[in-house]
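K.L.:
Build me a model from this:
(chains A and B)
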Amino acid sequence: MALKAHPAELAGTICRTAPEQQIGSYAVDGLTPAAAAFPESPEQVAEIVRLAGEHKWALIPRGGGTQMALGNMPRAADVAVCTTAMNRVLEYEPADLVVTVQAGIRLAELQHTLAEHGQFLALDPPLPERATIGGIIAANSSGPLRLRYGTCRDMLLGIKVVNADGNITKGGGKVVKNVTGYDMGKLYTGSLGTLGIIVEASFKVAALPPVESTVLARFDSLDAAYTSGRAIYKSALPILACELLSPAAARALDLEPGWTIAVWLGAGPAAVQRQERDVIATCGTATSAHVLDEPRGFWRALEDFGRGQFETIAKISVLPSRVGELLARLPDGDPIVSHVLSGVTYLFSGHPEATAAMVRELGGYLVVEACPPELKRRLDVWGPPGPDFRLMRRVKREFDPDGILNPGRYVGGL
Amino acid sequence: MAVAARTLVDELVEVVGGENVLASEEELVAYELDGAHDKARPDALVFVTEARQVAEVVRIARRYGLPVTARGAGTGLSGGAVASQKGIIVITTRMRSILEVDLENRTALVEPGLVNIELSNALARDGFFYAPDPSSQKSCTLGGNVAENSGGPHCLAYGMTTNHVLGLEAVLPDGETLTLGGAVPDKPGYDLVGTVVGSEGTMVIATKILVRLTPKPELVRTFLAVFESIESASRAVSTIIARGLVPAAVEMIDKLVVQAVEAAFHAGFPEDAGAVLIVELDGIREAVEDQSELLREICRELGAKELREAQDEAGRAKMWQARKEAFGALGRIKPSYYIVDTVVPRSKLVDVMSHITEIADRYGLLLGNVFHAGDGNLHPNILFDAREPGVMEKVLACGKEIVEVCVAAGGALSGEHGIGLEKQEFMPMLFNDADLAAMKRLKAAFNPEHFFNPCKIFPLRHATCAEVPRKPGSPLAEAAW
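P.N.:
Sure thing, here's the model as predicted:
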């Protein structure tokens, strides 16, 4: 009987692999792969995928590793495919507000390049110094700016992936309006690497607002804070973001403890001043409402809230009009950061199962974005799939019939 | 054959009633075309008035081995609603209610036959509108908009149809009905709604659509910027975008079309201008004032002959009528027109516009440009007289060369009209066999037998034509495909 070549050896013929003593850092939910590969091009990714198909390896795509806790435990993990060596800006035309990058580029690095031209990618997920574009797309990560600018799906123009059959394929393009063929970008966004490994992406970017400002308002009660938030929404001011923080979250952000509304403004000077006035006036029941000096640090801290600190993080989505009900039923001592007007709330606490049942009653979804592996043995982190799951299963079967991409990690165990 | 057809009609009549089934040649001839040139007659056409009828008709069609093509108002421009493989057309124009409106969450649940403008009209009093506004919005339907991921002038700031569709109830090719997506954000799982929008009727037939509503802006200002030439107008557009100004809309109309619309609508556009831009700014008062100042600066810098502002709602409406109904006015120049729909990066606008003018000149054809310049979405309309011998071949060849120039400039095959029949053979300009194979895999998850709207989007050699089991004597069994 022939000995099977070790995956690290085989992958090592294609690209750099992590040394054996470091392989533990590539574990997912306690499962350590046999190798971690660092391809430097889509072609190298394709070769690894082809090898995986031949040898029936389970591949674990990985970017900056900031969201590896997302998903159910993998059924198997043979080779981690790490994209961080593919980290270049491929094309950037500031006059078009379009940029094309390799998937392994860190978001912060991309933002730095764009800022030199007064532009930015309007995505603010956690840990941008580490998170890669490919991972952000695959996990559909987002932050407070989603209120104004939307999420990945609203700015992704084109995408290139390596599919499970080892082919490099693309969809979309590099123009802001495009109905040429199926919208593959929407398919791969949020698919957690289960349909293909993202290698390149094109985005439309935005001009940085000339002036930015932040209003903070502290309230004595959840009800007062939530009501003020909804009133800001109704005013239809073009605010960039509006967050509602529980007293524990406010304290953790070095603010006066209390239910806190934080509003991010960005526009020309007169428009910003007008919005500051209107927002403060709308927060009439606040115990204090003021414009924050140095808002950048505050928003960075808020975007990163709790990551690497709390072992269990739940993302709860409900209808925006029901966020008040949701917050009222969450344990009020826990840190809660809510994109209150978007309907998405993050809960940093240890007991997602009880909360999940309550969220389902409200017609929403609860996804456990991080938790100890023991908890993953008991629950499906995505929650129960819906009736459209049979379509999702058919999509997965078409794209990855042998189940080599992140097997078992996705919704319904896909 | 005649016996089989009568039985089919009987079954269809049982589902929707006799007045909702068309099966005679004379009745069907009106439904051979969409808004463009490809034509084909279906075997039967069924008006549906309820969602469950769509599922039942689909199941009947399966048994007869007949493909199904959905149709709204038939204003499409790429052959999406043309039953090129015959079969049954399911037409939704009699299923057009607004089912629910939720202003708190800014959503509305509508039926696919609802006319686009009627949704905005119904919401106006509450201070909302539905943002994607194709030029055909006075007749096109939401269902068609979903199938084609339709655009319109205001997509520049507000996004396309896909950015405004949150959920769908849809009938699948296997006859089952599913709900996809919904009003609650970030539903776990694949973005099936996002993959279906723009799938041109080849994946599902939508029976209910959940859309996002947009609050009406505090202030709207509509400007007409007048330029000596297409070149200077194009430069202005590129500059507007490059400076980070995102108007609600930037439309360009060239001299030929301005003269035609003036004769038709008397909007007061200057007939000696090389090109005009309609630039609309909206938002809160202070933001619109900032943007207006930047616009004035850019127009001054780029030598605009004039920058005038609509004085009131009536003036604004007149400007937009001239733009949106321009195609109708083209009949004054030549009896026929072929709307080319492509898209290029804004930074390439000046070069591409000059290049396509040169191409049309070479073919001896007249070109009338009226398009969404702000998005780089070109509509160089080729004006011709179909009675001229050999002109159709010239028109199509000219159109193809224009598309090739746009692709070479970094553009795409279609900005908003879709691929359909019109451009299926152009797909290899942008996508290789592996790219198309991946798209076909996606299609196979929904429509493995190519039963819905077969032979569209993909080049014909890719064989995405119907493969449903054929009943002996059914039209499909006899068709070339």
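K.L.:
Which residue does the stretch 1-150 of chain B have closest to chain A?
P.N.:
residue B:104 (4.2 Å; C-beta to the nearest C-beta). In short, each C-beta sits where N, CA and C put it, glycine included.
K.L.:
Can you classify the residue nearest to that residue when sequence neighbours are not counted as helix, strand or coil?
P.N.:
Nearest residue to residue B:104 in three dimensions, chain neighbours excluded: residue A:321, at 4.2 Å (C-beta to C-beta, 6 or more residues apart in numbering or on different chains). The three-state assignment at residue A:321 reads helix, by DSSP: H, G, I helix; E, B strand; the rest coil.
K.L.:
Might you report the residue contacts of residue A:321?
P.N.:
A:230, B:102, B:104, B:105 (C-beta atoms under 8 Å, 6 or more residues apart in numbering or on different chains).
K.L.:
and those residues, which two are the farthest apart?
P.N.:
In terms of C-beta to C-beta, the contacts of residue A:321 reach their longest pairwise distance at A:230 and B:102, which sit 13.9 Å apart.
K.L.:
who has more neighbours, the two?
P.N.:
Legend: neighbour count by other C-beta atoms under 10 Å in any protein chain shown for residue A:230 and residue B:102, higher for residue A:230 (19 against 15).
K.L.:
ok now do that one, which residues does it touch?
P.N.:
By C-beta under 8 Å, 6+ apart, the neighbours of residue A:230 are A:321, A:324, A:341.
K.L.:
again, but for residue A:252
P.N.:
A:305, A:306, A:335.
K.L.:
okay, those in CSV with pLDDT next?
P.N.:
Formatted as CSV, the contacts of residue A:252 follow (pLDDT from 0 to 100):
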residue, pLDDT
A:305, 97
A:306, 96
A:335, 96
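K.L.:
related to what we said a few turns ago, could you look up the SS state of the residue of the stretch 1-150 of chain B closest to chain A?
P.N.:
coil.
K.L.:
What does it show for phi and psi?
P.N.:
Backbone torsions for residue B:104, taken as degrees, to the nearest 10, come to phi -60, psi -40.
K.L.:
Other residues contacting the helix or strand hosting residue A:366?
P.N.:
Element membership for residue A:366 (DSSP states H and E) is strand A:365-370. For strand A:365-370, contacts defined as C-beta under 8 Å, 6+ apart pick out A:67, A:69-70, A:310-317, A:346, A:352, A:355-356, A:359-360, A:375, A:379, A:381-383, B:184, B:186-188.
K.L.:
interface residues of the stretch 1-150 of chain B facing chain A?
P.N.:
When proximity is defined by C-beta under 8 Å from any C-beta of the partner chain, the stretch 1-150 of chain B lies next to chain A at B:102, B:104, B:105, B:148, B:149.
K.L.:
what number of residues lie near the fourth one?
P.N.:
Looking back up the chat, that one is residue B:148. Neighbours of residue B:148 using other C-beta under 10 Å come to 31.
K.L.:
So in chain A, where's the weakest helix or strand by average pLDDT?
P.N.:
Taking mean pLDDT, DSSP states H and E as the measure, chain A has helix A:373-378 as its least confident helix or strand, at a mean of 91.
K.L.:
does residue B:401 really touch residue B:361, like I thought?
P.N.:
No. The pair residue B:401 and residue B:361 fails to qualify as a contact (C-beta atoms under 8 Å) at a distance of 11.9 Å.
K.L.:
Neighbour count for these two, which is higher?
P.N.:
With neighbours defined as other C-beta under 10 Å, residue B:401 and residue B:361 compare such that residue B:401 has more, 17 against 11.
K.L.:
nearest residue to that one other than its sequence neighbours?
P.N.:
residue B:359 (5.1 Å).
K.L.:
ok, the one you found - contacts?
P.N.:
Neighbouring residues of residue B:359 by C-beta under 8 Å, 6+ apart: B:398, B:401, B:402, B:405.
K.L.:
Out of those, who's the most crowded?
P.N.:
residue B:398 (23 neighbours).
K.L.:
shouldn't it be in contact with residue B:382?
P.N.:
Yes. At 5.8 Å, residue B:398 and residue B:382 qualify as touching, with contact defined as C-beta under 8 Å.
K.L.:
residues shared between the contacts of those two?
P.N.:
What both residue B:398 and residue B:382 touch, as defined by C-beta under 8 Å, 6+ apart, is the set B:360, B:365.
K.L.:
how many neighbours does residue 394 have?
P.N.:
Looking at chain A here, since you left the chain open. For residue A:394, the neighbour count with other C-beta under 10 Å is 15.
K.L.:
Wait, chain B was what I had in mind.
P.N.:
15.
K.L.:
what residues are up against it?
P.N.:
So residue B:394 contacts B:363, B:364, B:365, B:384 (C-beta under 8 Å, 6+ apart).
K.L.:
got it, and residue A:124?
P.N.:
Residues in contact with residue A:124 (C-beta under 8 Å, 6+ apart) are A:142, A:143, A:144, A:145, A:299, A:303.
K.L.:
Assign it to helix, strand or coil.
P.N.:
Quick answer, by three-state DSSP: residue A:124 is coil.
K.L.:
What residue, apart from its backbone neighbours, is nearest it spatially?
P.N.:
Going by C-beta to C-beta, 6+ apart, residue A:124 has residue A:143 as its nearest residue, at 3.4 Å.
K.L.:
Hmm, that neighbour is touching residue A:128, no?
P.N.:
No. The pair residue A:143 / residue A:128 is not scored as a contact, 9.0 Å apart, by C-beta under 8 Å.
K.L.:
any residues in contact with both of those two?
P.N.:
residue A:303.
K.L.:
JSON lines for the residues of the stretch 1-150 of chain B next to chain A, including distance to residue B:253 and pLDDT?
P.N.:
Formatted as JSON lines, the residues of the stretch 1-150 of chain B next to chain A follow (distance: C-beta to C-beta, whole Å; pLDDT from 0 to 100):
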{"residue": "B:102", "distance to residue B:253": "38", "pLDDT": "98"}
{"residue": "B:104", "distance to residue B:253": "40", "pLDDT": "97"}
{"residue": "B:105", "distance to residue B:253": "38", "pLDDT": "98"}
{"residue": "B:148", "distance to residue B:253": "23", "pLDDT": "97"}
{"residue": "B:149", "distance to residue B:253": "24", "pLDDT": "97"}
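K.L.:
Check the residues you listed and tell me the two furthest apart.
P.N.:
The widest separation within these (C-beta to C-beta) is 30.0 Å, between B:104 and B:148.
K.L.:
what distance separates the start and the end of stretch A:80-87?
P.N.:
End-to-end distance for stretch A:80-87, by C-alpha to C-alpha, to the nearest Å: 17 Å.
K.L.:
Next: stretch A:55-69.
P.N.:
Taking C-alpha to C-alpha as the criterion, the two ends of stretch A:55-69 lie 26 Å apart.
K.L.:
Could you pull out the buried residues of that stretch?
P.N.:
A:57-69 (16 or more other C-beta atoms under 10 Å in any protein chain shown).
K.L.:
With stretch B:254-266 instead?
P.N.:
In stretch B:254-266, counting by 16+ other C-beta under 10 Å, buried: B:254, B:255, B:256, B:257, B:258, B:259, B:260, B:261, B:262, B:264, B:265.
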